[in-house]
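1. What follows is a predicted protein model with its sequence.
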Amino acid sequence: MRKERVEIKKLGINGEGIGYIEKKICFIQDALPGEIVDVEIIERTRQFTKGKVVRYIQKSPYRQPSVCKEYTNCQGCALTTLEYSKHLSFKKGLLKDALKKYTHFDVERLPIQKTIKAPETLHYRQVVSLPITYFKGKVHAGIFQRETKYLTLMNQCSMQDSLINTCIQKIEDILNEHHVRDYNDKVKKGLRFMRMRNIDGQIQVLFVTGQDGMKQEVINDISQIPEVKSIWYTINTTRYQQFEMQGYKKAYGQSYLPFHCFDQKYLYSIKSEFPVYPQMEKIKLDTIRSLLSENSKILSLNCGIGLLELSLKQNIVAVDEKNYHIHDAKENAKFLVKDNVQWICQNVHEACIQQCKKNHFDEVIVRSSELSDAFKQSFILSKIKHIIYVSDHPSSLAKDLEELDKYYRIEKIIPIDTYPYSAKFDTVVSLIRK
């Protein structure tokens with residue numbers, strides 16, 4: 001196979017190195033800016049090539065030993081060999097590149113702040129969802145990598161919370177003691193997935209199973225793990241993986257687990273989405289809170305269970321299309337004795353149009369990868385003074401800011417490193433009506 005020598009110019013949106021071969025862009029995994037590498041071409045199209053490093057001729061001074069022992073095989077985290085201090089400028093750079101590509105702004109003059117760094121960069125993921133796989137005579141929580149079919153075992157992941165890793169190992173041992181098997185699509189039996197969440201040091205476990213469900217003796221043994229406070233299962237033999245659409249059965253423990261945020265206690269049910277990195281979620285929500293006015297009326301879209309809304313004193317209309325989010329939000333409002341929020345379970349685009357027609361809002365908080373036309377037109381026509389837009393997709397964010405520029409000026413752009421060692425991050429943008 002022919003090899004090429006390539007100089008890496010920058011990192012791409014997925015954390016891959018980018019160089020050029022005969023003026024055609026080449027994407028190269030585990031190659032950092034400034035490095036010179038010999039690569040083997042593994043894919044070639046009219047638009048691009050993909051290469052695999054076979055030798056480093058010149059290494060980056062910011063290259064470090066990977067923080068993950070599986071980094072050569074696992075495709076989950078793209079930046080484990082890059083010194084963390086450089087992640088922050090890389091993510092800000094991704095945002096600036098998107099703005100340069102999709103807007104007319106003089107990007108260097110935009111009020112883009114430094115990327116807010118994560119207080120902890122390892123063992124931060126407190127939510128995991130893992131397939132159950134049979135391998136070498138045992139079941140494991142593991143992921144087969146897309147291209148190589150290599151099985152990455154996930155009970156010692158450097159990014160997953162340490163308590164979750166420990167519980168995965170204990171649960172794997174119990175499953176194998178009881179000779180539990182992975183899912184067999186022909187007979188529709190076996191264990192498909194395991195979801196686990198660490199909510200303030202308490203572990204909540206959900207199993208997705210075939211028609212045979214979970215044996216009581218297996219549940220009894222798992223319930224003896226001190227940190228496990230609730231066990232649930234759902235029977236799902238369909239090919240889709242939106243497991244929340246099915247009913248959940250509690251097999252053991254508490255229906256709700258408490259989570260402390262903003263000096264308050266919130267209660268989470270099994271279906272409601274819990275932040276992958278709670279510490280950074282609090283920082284993100286605090287950033288949003290700092291941008292709000294004291295006496296404004298607020299429309300909050302995709303509110304979840306109301307972590308942010310129930311920490312505020314303003315009058316708020318909060319919308320989410322998931323009924324279990326709104327159910328938990330209302331229960332938490334009762335628990336906290338808060339009555340300043342009106343909760344609406346409805347398609348957020350329809351609700352946005354309706355609410356902006358019949359109510360006057362000073363500010364809107366919208367959490368979305370991109371803004372639909374319904375969102376943008378509603379904000380513009382209702383003359384909302386202040387938009388706080390939270391997105392995890394730089395390109396869509398840039399396109400939306402370009403469209404809103406006629407009516408809104410950008411006050412602040414704040415990137416937040418919510419997913420260390422991956423190329424993913426969140427951005428909070430404050431927009432003021434012109």
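-> All right, it came through fine. Numbering: from 1, shown residues only.

2. for the lengthiest helix in the chain, packing partners?
-> Longest helix in the chain by number of residues (criterion: DSSP state H): helix 84-102. If contacts are counted by 3 or more C-beta pairs under 8 Å, 6 or more residues apart in numbering; DSSP states H and E, helix 84-102 sits against strand 10-11, helix 394-404, strand 408-416. Every residue, glycine included, has its C-beta placed from N, CA and C.

3. Which is the succeeding secondary structure element to it?
-> Going down the chain from helix 84-102, the next helix or strand is strand 127-135, by DSSP states H and E.

4. Can you show me the CA trace of that next one as CSV?
-> Output of strand 127-135 as CSV, limited to C-alpha atoms (Å, rounded to 0.1, in the frame of the first residue of the first chain):
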residue,chain,number,x,y,z
VAL,A,127,-24.5,8.5,32.7
VAL,A,128,-23.6,5.4,30.6
SER,A,129,-25.6,3.3,28.2
LEU,A,130,-23.8,0.1,27.2
PRO,A,131,-24.6,-3.0,25.0
ILE,A,132,-24.3,-6.4,26.7
THR,A,133,-22.1,-8.6,24.6
TYR,A,134,-21.1,-12.3,24.9
PHE,A,135,-17.3,-12.7,24.5
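
5. Show me what it pairs with in its sheet, parallel or antiparallel.
-> strand 138-144 (antiparallel), strand 191-199 (antiparallel) (DSSP bridges).

6. Give me the contact list for the helix or strand following the last one.
-> Taking DSSP H and E as the definition, the helix or strand that follows strand 191-199 towards the C-terminus is strand 202-209. Residues from elsewhere that reach strand 202-209 (C-beta atoms under 8 Å, 6 or more residues apart in numbering): 163-164, 167, 171, 183, 190-197, 214, 222, 225, 227-236, 243, 248, 257-258, 268, 270.

7. same thing with stretch 153-162?
-> So stretch 153-162 is contacted by 67-70, 76-77, 80, 122-126, 128, 130, 140-143, 165, 168-169, 172, 198, 420-421 (C-beta under 8 Å, 6+ apart).

8. pLDDT weak spots in the stretch 51-200 of the chain?
-> Applying pLDDT under 70 to the stretch 51-200 of the chain flags the ranges 146-149.

9. sorry, back to before: ok, which of the strands paired with strand 127-135 comes nearest Lys334?
-> Among those, the nearest to Lys334 by C-beta to C-beta is strand 191-199 (19.6 Å).

10. Which residues belonging to that closest one are considered buried?
-> Leu191, Arg192, Phe193, Met194, Arg195, Met196, Arg197, Asn198, Ile199 (16 or more other C-beta atoms under 10 Å).

11. which one's the longest strand in the chain?
-> strand 48-58 (DSSP state E).

12. Against which helices or strands is that strand packed?
-> Packed next to strand 48-58, using 3+ C-beta pairs under 8 Å, 6+ apart, are strand 3-7, strand 17-21, strand 24-28, strand 36-44.

13. Run the angle between it and strand 17-21 for me.
-> On the basis of axes from the mean of the first three to the mean of the last three C-alpha atoms, to 10 degrees, strand 48-58 is oriented at 100 degrees to strand 17-21.

14. Return the set of buried residues in strand 48-58.
-> Thr49, Lys50, Gly51, Lys52, Val53.

15. now swap in stretch 36-45 and tell me
-> Ile36, Val37, Val39, Ile41.
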